[in-house]
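In: no FASTA, just this:
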């Protein structure tokens, strides 16, 4: 059991430029005895990006677009996007701070691989077995302010899954899984700071979480939630507009399609009818249309289609009769 965790700032790191040996700069700044086995070396992604040559003089909007996999939400000048790494960040994490005037920095191309490279270089230079966490700053849904999180990791158990363990009262835990790498990233930032030009910190006292040499662990990518399980893949406004517009390219933001029974209940309640689940692969939900004129039925079909879209389902051509409309789960 860890009794004490110590946060140590690392001073003396010079301005990092493309081609620099980042591990060598850290080791030189720390001296011969600066690292211990079991330390966690915390690096801001900016210095990793600088060393890898990810600074650009292109317009920031162009770089953001290049890093964007899809847009999650836009409010005023703020654009929240899912990046090509799978991270959800404002402006794809592209940053114009703490870099040469007129340039912007994008994230490391493969942050986990970058962490592995630094870890192995430190081992060769010092013989010390350390873990490495590459961090970036992000906001949080429902919370003001920002904190650092892990976008790359090596030599570390990034997630401490408590599933099946009893708590102090004997209750068996099921969903508790501390994101250890994110906690380390946030802790390290307390001594790095955004204005101190101190991009490196050491977190000491977590030896039990550091893996043996040669084992790098799953990396920070293991902390990225799969889109199929993301309950907040689109902003509220964007979800409404996507559903009304029927833009199937936006369906990724709705997560995995809902189950057929739930779809039948929702659409049946909306139409005040008894929707039916029709077996098959894929399953189909048929919704009877009540009596009414064509205009009223057209409006109802539009509402059903919009609601089904929000549940990840799209219209089918195989309804049982002209007085029924059918829906099937969308496949990406």
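Out: Received it, and whenever you're ready, just let me know what you need. Please read all numbers here as calculations on a predicted model, not as lab measurements.

In: CA only for contacts and neighbour counts going forward, please
Out: Will do.

In: Low-confidence bits of the stretch 51-200 of the chain, can you list those?
Out: By pLDDT under 70, the low-scoring segments of the stretch 51-200 of the chain are 162-163, 173, 175.

In: Nearest residue to the spatially most central residue of the chain in space, ignoring adjacent ones along the chain?
Out: Centroid check for the chain by C-alpha atoms, centre = their mean gives residue 87 as the closest residue, at 3.4 Å. Nearest non-adjacent residue to residue 87, counting by C-alpha to C-alpha, 6 or more residues apart in numbering: residue 224, 6.8 Å away.

In: Could I get the phi/psi values of residue 65?
Out: phi -60, psi -40 (degrees, to the nearest 10).

In: And the helices in the stretch 1-150 of the chain?
Out: 22-30, 45-52, 60-67, 111-126 (DSSP state H, counting those that start in this stretch).

In: a markdown table please, covering these and showing mean neighbour count and distance to residue 265.
Out: Compiled in a markdown table, the helices of the stretch 1-150 of the chain are given as follows (neighbours: other C-alpha atoms under 10 Å; distance: least, C-alpha to C-alpha, whole Å):
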| stretch | mean neighbour count | distance to residue 265 |
| --- | --- | --- |
| helix 22-30 | 18 | 57 |
| helix 45-52 | 23 | 47 |
| helix 60-67 | 16 | 40 |
| helix 111-126 | 20 | 44 |
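
In: now for those, which one comes closest to residue 317?
Out: Nearest to residue 317 among those is helix 60-67; the distance by C-alpha to C-alpha comes to 36.6 Å.

In: Show me what the closest one is packed up against.
Out: Using 3 or more C-alpha pairs under 8 Å, 6 or more residues apart in numbering; DSSP states H and E as the contact criterion, no helix or strand is in contact with helix 60-67.

In: which residues are contacting it?
Out: With C-alpha atoms under 8 Å, 6 or more residues apart in numbering as the test, helix 60-67 has contacts from 56, 83-84, 91-94, 104, 106.

In: which residues touch residue 36?
Out: Counting by C-alpha under 8 Å, 6+ apart, residue 36 has contacts 128-130.

In: Hmm, residue 94 is touching residue 108, no?
Out: No. Using C-alpha atoms under 8 Å, residue 94 is not in contact with residue 108, being 10.5 Å away.
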